[in-house]
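K.L.:
sequence plus the predicted model coming up.
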Amino acid sequence: MYFNQNNNFYHGIMFHHFHDDGIHTKGQGSIDKDDFYKMINFIGRNNILDADVFYEKFKNNKLKNNEVCLTFDDAIKCQIDIALPILEELKIKSFFFVYTSMFQGKPDNLEFFRYFRMNYFKSVDEFYDSFYEVLDKDLKSFFEKNSDKIKEYKIKFPHYSISDIKFRLVMDVFLTKVQYEDTMFSMFKEKQFNHNEYSKKLFFQKNDLQTLDNLGHSVGLHSHNHPTLLEKLSYDEQKGEYENCLSSISNILDKPKNEIKCMSHPCGSYNADTLEILKELGIELGFKQIMSIEPEKGMKKINNSFLEIARQDHADIFKRMN
């Protein structure tokens, strides 16, 4: 049974990566089509609402505690190739939250980095060892200084290992974006990985977005460049991220901006400025990345506001199933 005392409230189910026996290789956190079917059955098909129904029931304060919706982040091509046919078969309309720089030929490097990590090393730990060797920095004092944050992250993101969390802190806090990317690109060169060849394999194309819209799925905002710590950006920088995202989706779908009403926070990162900007843009439903209250963000309860709806990571559900 999916629902228990820890999740007995309406929320979203968050998906990212899928794998198959073809071009979409298995990686950390990915599931295949059989896993997806089983997960839908575990949650209970009758508990899963279409995206538009979830939105309307939320607006009218009629959502029940055992009602959820399916959400997909980051405009990753495997979602189109593997998840979408199953959604259509089961007649489930879902939310797809996309960042939009990729539609201008400038995808965030994060997905290239993940593909490299999963396919050019025997394990993710081997990748971490190689990364730290190339970085060549003494990180002992940094990890000691951030020991409380590591514990906090482990509670918020139980599907992450301690090694995952430490790497994330090095990426987001210890290094600048340029320093991190330079380190990764030097590893690309060493392994002779030409990431530019993988864009169409890894990312949505404009016609994928149009297909989703034509099929009745709900396409929403996820920023323009997918910053991993959007809350650290200035008000104007955040506003630019979401205005550009909204304009891009509107243009691709040939749809008025005021018809695009939903979003999810990239990496769960936001602050009071973010919420104000999204309200100004007319967004009426926003999803977080976790299932817990974050007092540091001013939250007083689960589903604290219409822009802070909880989501369960599919990786956590997968662990419960297995």
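P.N.:
Happy to help now that I have it. Residues are numbered from 1 along each chain as shown.
K.L.:
going by C-alpha atoms from here, please, whenever you check contacts or count neighbours.
P.N.:
OK.
K.L.:
list the beta-bridge partners for the residue nearest the centre of the chain.
P.N.:
Centrality entry for the chain: nearest residue to the mean C-alpha point is Asp73, 4.1 Å, by C-alpha atoms, centre = their mean. On the basis of DSSP bridges, Asp73 is bridged to Phe97.
K.L.:
from Asn46, how far out is it?
P.N.:
Distance, Asp73 to Asn46, using C-alpha to C-alpha, to the nearest Å: 23 Å.
K.L.:
could you do Pro227 as well?
P.N.:
Taking C-alpha to C-alpha, one finds Pro227 at 35 Å from Asn46.
K.L.:
quick one, which of these two is more surrounded?
P.N.:
Pro227 (21 against 11; other C-alpha atoms under 10 Å).
K.L.:
what's the neighbour count on the nearest residue to the more buried one once chain neighbours are set aside?
P.N.:
Spatial nearest neighbour of Pro227, chain neighbours left out: Pro266 (7.1 Å); criterion: C-alpha to C-alpha, 6 or more residues apart in numbering. By the measure other C-alpha under 10 Å, the count of residues near Pro266 is 26.
K.L.:
residues contacting Met187?
P.N.:
Phe131, Val134 (C-alpha atoms under 8 Å, 6 or more residues apart in numbering).
K.L.:
from the middle of its chain, how far away would the helix or strand harbouring Val178 be?
P.N.:
Element membership for Val178, per DSSP states H and E: helix 177-191. With C-alpha atoms, centre = their mean, to the nearest Å as the basis, helix 177-191 stands 23 Å off its chain's centre.
K.L.:
tell me the average confidence for it?
P.N.:
Throughout helix 177-191, pLDDT has a mean value of 97.
K.L.:
ok, now stretch 251-266?
P.N.:
When pLDDT is averaged over stretch 251-266, the result is 98.
K.L.:
ditto for stretch 159-169
P.N.:
94.
K.L.:
and the residue nearest to Cys78 when sequence neighbours are not counted, how many residues sit next to it?
P.N.:
Nearest residue to Cys78, sequence neighbours excluded (C-alpha to C-alpha, 6+ apart): Phe18, at 5.7 Å. Each residue near Phe18 was counted by other C-alpha under 10 Å, and the total is 25.
K.L.:
distance of Phe18 relative to Phe174?
P.N.:
For Phe18, the distance to Phe174 - C-alpha to C-alpha - is 30 Å.
K.L.:
Met39 reaches Phe318, doesn't it?
P.N.:
Yes. Between Met39 and Phe318 there is a contact under C-alpha atoms under 8 Å: 7.2 Å.
K.L.:
contacting residues for Ile309?
P.N.:
His11, Gly12, Leu285, Gly286, Phe287, Lys288, Ile302, Asn303.
K.L.:
re the thing from before, for the helix holding Val178, buried residues please.
P.N.:
Tyr180, Glu181, Met184, Phe185, Met187, Phe188 (16 or more other C-alpha atoms under 10 Å).
K.L.:
rebuild those as TSV, extending it with distance to Ile249.
P.N.:
Below are the buried residues of helix 177-191 laid out as TSV (distance: C-alpha to C-alpha, whole Å):
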residue	distance to Ile249
Tyr180	29
Glu181	27
Met184	30
Phe185	30
Met187	34
Phe188	32
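K.L.:
identify the farthest-apart pair in those.
P.N.:
Tyr180 and Phe188 (12.5 Å; C-alpha to C-alpha).
K.L.:
quick check: mean pLDDT of the helix or strand that contains Ile86?
P.N.:
Taking DSSP H and E as the criterion, Ile86 maps to helix 84-89. Average pLDDT, helix 84-89: 99.
K.L.:
how about stretch 50-69?
P.N.:
The model assigns stretch 50-69 a mean pLDDT of 98.
K.L.:
thanks a lot, catch you later.
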